[in-house]
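> How does the following fold in three dimensions:
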Amino acid sequence: MAESKVIEATEPRRPPFARRLNPDGNMRLTAAVGLVLIVLALAELATLVLGLQTYLRLHVIIGLVLLPPVVLKLLTTGWRFARYYLRNDAYRVKGPPQILMRLLAPLLVLFTVLLFGSGVALGLVHGEALRVARRIHGPAASAWTVTLGLHVLVYFTRALRAVEGDLRTRTRRDVGGASRRALVLLVALVLGLTVGLATLPVQHDWLHLSSRHHNHHDH
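Here you go, the predicted structure:
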C-alpha cells in the first residue's frame with residue numbers, strides 16, 4: 001500500500017486540459033461531430049437533388065450551419081494528428097490511421113477549405129474574386145462529396161460504436177468528459193444556426209449571385 005502511494009505521488013500528473021483531450025475522448029468527440037456532418041451534408045445534397053432554385057435559401061442556411069461543426073472536426077482531427085506525430089505516448093499506442101486514410105486526409109481537408117471558403121466568398125467578394133469563387137465552388141463540392149463518401153465508408157461503423165459509448169450509461173463513464181463533449185458539439189450547432197439565421201436579412205445578394213453562378217454552370 002505504501003509502495004503504491006509512493007508511485008502515485010511520483011507519477012507526473014497531466015493537467016485537466018490534457019486529460020479532457022485524451023485519445024478516447026478525442027475519438028468520441030470526432031465521431032459525434034462526424035455523424036452530425038453526415039446528416040447536414042445529406043440535407044445539403046437534398047437541396048441540390050430537389051432543385052437548387054427552389055431550395056437555394058435553405059442550401060445557403062445549411063451551408064452556414066455546417067461551418068462551426070466543420071471547424072470543430074478539423075480541430076479534433078488536427079489535434080490527434082499533432083499529438084501522434086509529436087510522439088505523445090497515449091496517442092502513439094492507438095496507432096496511426098489506415099494508410100489509405102492518411103493519403104485521403106490532406107485531400108479532404110483541402111476540398112473542405114476550398115468548398116466552404118468559396119461558398120462564403122460568393123456572398124462577400126465582387127469582381128474577379130467572385131468569378132474565381134464561382135469557378136472553385138462547383139468542382140470543390142463534387143470533390144468534397146466523393147472524398148467525404150470514402151471517409152464515411154471507412155469510419156461510419158467505428159463512429160457509431162464510439163458515439164454509442166457516450167450514449168450508454170454503462171460505457172459513458174469509461175471515458176471522462178462526456179458532458180463536455182456533448183456541450184462542445186451543442187455549442188457548434190447553436191453557433192451554426194445563429195450564423196445561418198442572423199444572415200437571413202443580407203442573403204438576398206448572396207442568393208442572387210449564387211443563382212447566377214448555378215444557372216451559368218447548368219448552361
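> okay, now the residue lying closest to residue 58 once chain neighbours are set aside: neighbour count?
Once flanking residues are discounted, residue 58 sits nearest to residue 47: 5.4 Å by C-beta to C-beta, 6 or more residues apart in numbering. C-beta here means a position set from N, CA and C on the backbone, and glycine is covered the same way. Applying other C-beta atoms under 10 Å, we find 19 other residues in the vicinity of residue 47.
> Let me know whether residue 47 touches residue 62 as I believe.
Yes. If you go by C-beta atoms under 8 Å, residue 47 and residue 62 touch, sitting 6.8 Å apart.
> how far away is the residue nearest to residue 58 from residue 198?
According to C-beta to C-beta, to the nearest Å, residue 47 and residue 198 sit 20 Å apart.
> helices or strands next to the helix ranked longest in the chain in the packing?
For the chain, the helix with the greatest residue count under DSSP state H is helix 23-85. Counting contacts by 3 or more C-beta pairs under 8 Å, 6 or more residues apart in numbering; DSSP states H and E, helix 23-85 packs against helix 89-94, helix 99-121, helix 127-167, helix 178-198, helix 203-218.
> Taking helix 99-121 as reference, get the angle to that helix.
100 degrees (axes from the mean of the first three to the mean of the last three C-alpha atoms, to 10 degrees).
> Check the offset of helix 23-85 from the chain's centre.
Helix 23-85 sits 4 Å away from the centroid of its parent chain (C-alpha atoms, centre = their mean, to the nearest Å).
> And stretch 177-189, by the same measure?
On C-alpha atoms, centre = their mean, the centre of stretch 177-189 falls 14 Å from the chain's centre.
> and residue 88, backbone torsions?
Main-chain dihedrals, residue 88, degrees, to the nearest 10: phi -70, psi 130.
> Then residue 96?
According to degrees, to the nearest 10, residue 96 has phi -80, psi 160.
> OK, contacts around it?
By C-beta atoms under 8 Å, 6 or more residues apart in numbering, the contact list for residue 96 reads 84, 102.
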